[in-house]
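# Let me see the structure of the following:
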Amino acid sequence: MRMALRRIRCLIVKELIELRGDPRLFGIVIMAPIIQLFVLGYAATTDVKNIPLLVVDADHSVESRSLIDSFAASANFVVVDEPTDTRAIDGHLEHGTAWMALTIPRGFGTDVTAGRSTSVQVTADGTDATSTGVALGYARTIVAAYSAERSAARVGRQPVLPVDVELRVWFNPRLESRDFMVPGIVALLLLVITTNLSAMAIVREREIGTLEQLSVTPLARWELIVGKLLPYALIGMVDVLLVTAAAVAWFEVPLRGSFTLLLGCSVIYLLSTLGLGLFVSTISQTQQQASMTSTFFFLTPMIYLSGFTFPIENMPEWIQYVTYAIPLRYFLVIVRGIFLKGVGVDILWPQIAALLACGLFLITLATLRSSKRLA
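Numbering: from 1, shown residues only. Just a heads-up that it's a prediction; the model follows:
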């Protein structure tokens, strides 16, 4: 038994020495968890706050202003605009610049002062069912507190009847969380599959010894890259077709927008995922390194910081700036907008342009780092 323990101890020491001798792998297993804990510890929150709120005040009375101030004073809402026409609500909710809209009707102040029953309308973007449900609860609480405050102020007179809240939920009226998550899974699967596959492209050639053979062929650098990435791009597009068909036919997620636009944006998105995978392959020496680097340093942070799991608006401001460098952030807005909102290029062009810029940057960076003789 003693000899067995000694042999096991020697083997453990050997493995640790080998791990220390591979600084890249050592950095992944030591530094990656620390970095992820630090960043995700701030970003991973289920709190719903700083909800962009649109206010349409048709009354312009002291009472309506007081209600608006109650929303503005709450830590959960941020009033982003106060248009004079309810038609402005459509554009704000479609563009995502506001999550909710509060509409106060004309005569609201007179009814409250007289103690008569009245109501306000709250229109919500139901795309993210969970966050919307929480936000609607906040709105009801604020309106109820406003009614109670007005009733308490009418000492010796008829109390104010409760102010009703008329709810309208757009894009996902049943607040089905599945309708929000499934389109996001389309984007997530495309990222994980194509990034991991392309990350192995150059590394596999090096490990099996065929990279040297490619170096003596007349292939140009761009031809090598296109030849390596195009098969994975085709696999990615097949995955898009399969997953979209399953989302619509099996999970009954509505596809309200253009399927052609979805395919076109998926092609642009593939520039980012394949470029990222190729970049990982140029900084890795083995397939194990490539897999761990893509998973720990890129894929996991992207999933948590892109808005797939936690709303970006709830994250600390400095992390929100970091999310602008994540392609998945833009594609999630695109795919959810096409599925649930049915919007087109006129609404999604900022995300499409940002996604294209990310893809061109990653492809260019990976190309500059790659060559037939990667060291």
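# where in the chain is pLDDT low?
Within the chain, the ranges that satisfy pLDDT under 70 run 7-8, 10-46, 153-161, 209-221, 371-375.
# so where do the strands sit in it?
51-57, 77-81, 100-104, 119-125, 164-170 (DSSP state E).
# For Val267, find the nearest of the ones you listed.
Val267 lies closest, by C-beta to C-beta, to one member of these: strand 119-125, at 27.4 Å. Yep, even glycine has a C-beta here, placed from its N, CA and C like the rest.
# Show me what that closest one is packed up against.
If you count contacts as 3 or more C-beta pairs under 8 Å, 6 or more residues apart in numbering; DSSP states H and E, strand 119-125 packs onto helix 88-95, strand 100-104, helix 129-153, strand 164-170.
# cutoff 7 Å now
Counting contacts by 3 or more C-beta pairs under 7 Å, 6 or more residues apart in numbering; DSSP states H and E, strand 119-125 packs against strand 100-104, helix 129-153, strand 164-170.
# how about these in CSV, adding mean neighbour count?
Below are the helices and strands packed on strand 119-125 laid out as CSV (neighbours: other C-beta atoms under 10 Å):
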stretch, mean neighbour count
strand 100-104, 24
helix 129-153, 17
strand 164-170, 15
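# got TSV for these, with distance to Glu207 too?
Formatted as TSV, these follow (distance: least, C-beta to C-beta, whole Å):
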stretch	distance to Glu207
strand 100-104	53
helix 129-153	44
strand 164-170	52
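# Looking at these, which is nearest to Ala249?
helix 129-153 (21.1 Å).
# now the closest one against strand 164-170, angle please.
160 degrees (axes from the mean of the first three to the mean of the last three C-alpha atoms, to 10 degrees).
# just the angle between helix 129-153 and strand 100-104, please?
Using the same axes, to 10 degrees: helix 129-153 against strand 100-104 is 30 degrees.
# Thr367 against Ile225, yeah?
Yes. Using C-beta atoms under 7 Å, Thr367 is in contact with Ile225, at 5.9 Å.
# burial count for Thr84?
10 (other C-beta atoms under 10 Å).
# Would you mind giving the dihedral angles phi and psi of it?
phi -100, psi -10 (degrees, to the nearest 10).
# ok, and the closest non-adjacent residue to it?
Val56 (7.3 Å; C-beta to C-beta, 6 or more residues apart in numbering).
# Identify the bridge partners of the one you found.
Thr103 (DSSP bridges).
# mind listing what it touches?
Residues in contact with Val56, defined by C-beta atoms under 7 Å, 6 or more residues apart in numbering, are 83, 86, 89, 101, 103.
# Using CSV, please lay out the residues you listed together with distance to His95.
Listed next are those as CSV, based on distance: C-beta to C-beta, whole Å:
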residue, distance to His95
Pro83, 13
Thr86, 16
Ile89, 11
Ala101, 13
Thr103, 18
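# list the contacts for the residue nearest the centre of the chain?
A centroid search over the chain (C-alpha atoms, centre = their mean) returns Gly307, at 2.5 Å, as the residue closest to the centre. Residues near Gly307 by C-beta under 7 Å, 6+ apart: 329, 332.
# what's the distance between the residue nearest to Asn76 when sequence neighbours are not counted and Met100?
Nearest residue to Asn76 in three dimensions, chain neighbours excluded: Tyr138, at 4.7 Å (C-beta to C-beta, 6+ apart). Distance, Tyr138 to Met100, using C-beta to C-beta, to the nearest Å: 9 Å.
# Let me know how buried Gly277 is, in neighbour terms.
28.
# Please give me every residue in contact with it.
194-199, 294.
# Closest to Ile142 out of these?
Closest to Ile142, out of all of these and judged by C-beta to C-beta, is Thr195, at 43.3 Å.
# what separates the closest residue to that closest one other than its chain neighbours from Leu362, distance-wise?
Closest residue in space to Thr195, ignoring its immediate chain neighbours: Gly277 at 4.3 Å, by C-beta to C-beta, 6+ apart. Distance of Gly277 to Leu362, given as C-beta to C-beta: 9 Å.
# try Ala101
37 Å.
# Name the residues of stretch 52-70 that come out as buried.
52-57, 59, 61, 63-64, 67-68 (16 or more other C-beta atoms under 10 Å).
# nearest to Ser119, of the helices and strands packed on strand 119-125?
Nearest to Ser119, of these and by C-beta to C-beta, is strand 164-170 at 3.8 Å.
# May I ask you to name the longest helix in this structure?
helix 221-249 (DSSP state H).
# Packing partners of that helix?
For helix 221-249, the packing partners by 3+ C-beta pairs under 7 Å, 6+ apart come out as helix 177-199, helix 259-282, helix 345-369.
# Try it again at 8 Å.
helix 177-199, helix 201-208, helix 259-282, helix 345-369.
# how about the ones you listed in TSV, adding distance to Pro301?
Shown next, in TSV, are the helices and strands packed on helix 221-249 (distance: least, C-beta to C-beta, whole Å):
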stretch	distance to Pro301
helix 177-199	12
helix 201-208	21
helix 259-282	12
helix 345-369	15
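# so which of those helices comes closest to Glu317?
helix 345-369 (18.9 Å).
# Let me see the contact set for Arg140.
For Arg140, the contacting residues are Val165, by C-beta atoms under 8 Å, 6 or more residues apart in numbering.
# number of nearby residues for Ala4?
Around Ala4 there are 8 residues (other C-beta under 10 Å).
# Ile104 is in contact with Leu54, isn't it?
No. In this structure Ile104 lies outside contact range of Leu54 using C-beta atoms under 8 Å: 11.8 Å.
# gap between the spatially closest residue to Asn172 that is not a sequence neighbour and Pro183?
Sequence neighbours aside, Gly126 is the residue nearest to Asn172 in space, at 3.6 Å (criterion: C-beta to C-beta, 6+ apart). Taking C-beta to C-beta as the measure, Gly126 falls 14 Å from Pro183.
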